[in-house]
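**Student:** using only what follows, build the 3D model:
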Amino acid sequence: MMKCTEARFAMSIALFLWMGSAGCFFPLAFAQSKNPEWDKLVEAAKKEGKVVVSLPASNELRAAIERLFEKRYGIDVEPVVGRASTVVRKMVDESKAGVRYTDLHMGGSESVVTGMLPEGVVDALEPYMMLPEVKDPKQWWGGHIWVDNAKKFAYCTLAYQPESLWFNSQLMKAEDVRGFDDLLDEKLKGKIGFLDPRTPGSGASLWSYLREVKGEDYLRKLVGQKLALSRDQRVLAEILAKGNIAVVLGLTYYSYAPFIKAGLPVAPLPVPKEGLYVAGGSGHVVVLKNAPHPNATRLFLNWFLSREGQEVYTRAMHQPTRRLDVDTKWLREFGVLPAKDHLTIEQYYKRQNQSEEKINRWREPAAALARKLLG
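**Tutor:** Numbers count the residues shown, from 1 in each chain. Alright, predicted model coming up:
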């Protein structure tokens, strides 16, 4: 079943990218061609020649950007990839030293909130929004949602409940874990992996959610299960696929994609009875102050926030957009529950944990607890 699913997904990606390379996304291109201001921006961006974007390390995303953005506009997208904490620190240091290199960053919210906002290195983003379909809040589920308290620096493009609990189907059954308490079973001692919650990322998100719904005593007991910790997502996904451990907490689909495509026995666990938090994935976007390629930055940002750009990101990353004109229902087949398809906006605000307010109130204390318990 998983192989058939992956085959269908691969075919849809291939068709999607072919359509883009063939120029079949004519509605967006046509609308832009009727906008003299947009045409002027494109010409100015071409003169700059490139835009430097910090983005997730996904070959699918990079390939789609090359086919649908670079070839259309003749502008090179230079990627900056790496661990969020390292990349963010580098951007902050460069900015404070007066080095203008990176234009735009997209990633998780915690590294933005704790690493970039306090340093004052990001620009107000709304002035960069130019296309009507980007600026109109009615195009977005929940309207415009910002991560930062000031509601102007860090924009949230995604909203979903993630498939952050995965298991090896040769070592256990999906029904073995119906709730988080099942992870405390003696038979799982030494067989649980966890993306290190002491650093920003989906591991920290899940850890803070567990603290909120299960309490600190639960986390102490979970640590007693002799967790296999790593900050390297590839390592955790690989040892699960090889059967060295039975369950991994904190990784999302794109970490497992190569192993799923290879037919290895990894699959997402069903949503536990306690539910899951609502994430914004790697789709939080900020623009660096004094961006070295300001026109190319504006062009790329508007493309990324357009229907086409959000379709590209959703397909490549399996992280669903909030845009109402992009289909995300198909992601349920991969264990991802798009917020716009099954939650109310009130439920979203109750369960989300990526805003500056939630990070300060929940995630930072949870990270302090992780450092205390894990060393």
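**Student:** the stretch 51-200 of the chain: helices as residue ranges?
**Tutor:** Per DSSP state H, counting those that start in this stretch, the stretch 51-200 of the chain carries helices over the ranges 59-65, 71-73, 84-96, 109-111, 132-135.
**Student:** may I see those helices arranged in JSON lines, with mean neighbour count as well?
**Tutor:** For glycine as for every other residue, the C-beta is placed from the backbone atoms N, C-alpha and C. As requested, the helices of the stretch 51-200 of the chain are exported to JSON lines (neighbours: other C-beta atoms under 10 Å):
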{"stretch": "helix 59-65", "mean neighbour count": "18"}
{"stretch": "helix 71-73", "mean neighbour count": "16"}
{"stretch": "helix 84-96", "mean neighbour count": "17"}
{"stretch": "helix 109-111", "mean neighbour count": "27"}
{"stretch": "helix 132-135", "mean neighbour count": "16"}
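**Student:** nearest to T102, of the ones you listed?
**Tutor:** Nearest to T102 among the helices of the stretch 51-200 of the chain is helix 84-96; the distance by C-beta to C-beta comes to 5.2 Å.
**Student:** out of the helices of the stretch 51-200 of the chain, nearest to G243?
**Tutor:** helix 59-65 (25.5 Å).
**Student:** could I get the average pLDDT for the closest one?
**Tutor:** On average, the pLDDT along helix 59-65 is 92.
**Student:** list the contacts of stretch 170-187.
**Tutor:** The contact list for stretch 170-187 (C-beta atoms under 8 Å, 6 or more residues apart in numbering) reads 165, 167, 191-192, 210, 213-214, 218, 221-222, 225, 243, 246-247, 249, 265, 267, 269-270, 272-274.
**Student:** residues of the helix or strand harbouring K350 that come out buried?
**Tutor:** In this assignment (DSSP states H and E), K350 forms part of helix 345-351. Of all the residues in helix 345-351, those buried under the rule 16 or more other C-beta atoms under 10 Å are Y348, R351.
**Student:** for stretch 199-213, same thing?
**Tutor:** Here stretch 199-213 shows 199-212 as buried, counting by 16+ other C-beta under 10 Å.
**Student:** CA atoms only for it, dumped as CSV, please.
**Tutor:** C-alpha atoms of stretch 199-213 as CSV (Å, rounded to 0.1, in the frame of the first residue of the first chain):
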residue,chain,number,x,y,z
THR,A,199,17.4,22.9,20.5
PRO,A,200,14.7,24.6,18.4
GLY,A,201,12.8,22.2,16.1
SER,A,202,10.0,19.8,15.9
GLY,A,203,11.5,17.8,18.7
ALA,A,204,11.2,20.8,21.0
SER,A,205,7.7,21.4,19.8
LEU,A,206,6.5,17.9,20.7
TRP,A,207,8.4,18.1,24.0
SER,A,208,6.7,21.3,25.0
TYR,A,209,3.3,19.9,24.0
LEU,A,210,3.9,16.8,26.2
ARG,A,211,4.8,19.1,29.1
GLU,A,212,1.5,21.0,28.5
VAL,A,213,-0.8,18.0,28.2
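**Student:** quick check, distance from it to the centre of its chain.
**Tutor:** Chain-centre distance of stretch 199-213: 15 Å, with C-alpha atoms, centre = their mean, to the nearest Å.
**Student:** send me stretch 51-62 as CSV with only the CA atoms.
**Tutor:** Extracted C-alpha coordinates of stretch 51-62, given in CSV (Å, rounded to 0.1, in the frame of the first residue of the first chain):
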residue,chain,number,x,y,z
VAL,A,51,18.3,36.1,-4.5
VAL,A,52,19.9,34.3,-1.5
VAL,A,53,17.3,32.2,0.4
SER,A,54,17.8,30.2,3.6
LEU,A,55,15.5,27.3,3.1
PRO,A,56,14.9,23.6,4.2
ALA,A,57,17.2,21.0,2.8
SER,A,58,14.8,19.4,0.4
ASN,A,59,15.9,18.2,-3.1
GLU,A,60,12.3,18.3,-4.2
LEU,A,61,11.8,21.8,-3.1
ARG,A,62,15.0,23.0,-4.7
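**Student:** so how far is P132 from E37?
**Tutor:** According to C-beta to C-beta, to the nearest Å, E37 and P132 sit 11 Å apart.
**Student:** if we can go back for a sec, identify the residues contacting the helix or strand following the helix holding K350?
**Tutor:** Sequence order places helix 356-358 as the next helix or strand after helix 345-351, per DSSP H and E. Residues from elsewhere that reach helix 356-358, judged by C-beta under 8 Å, 6+ apart: S109, V113, L117, V147, D148, N149, A154, Q352.
**Student:** so the fourth one makes contact with S355?
**Tutor:** Yes. Between V147 and S355 there is a contact at 5.6 Å, judged by C-beta atoms under 8 Å.
**Student:** more neighbours: which of the two?
**Tutor:** V147 (27 against 23; other C-beta atoms under 10 Å).
**Student:** surely A154 meets W146?
**Tutor:** Yes. In this structure, A154 is within contact of W146 by C-beta under 8 Å, at 6.3 Å.
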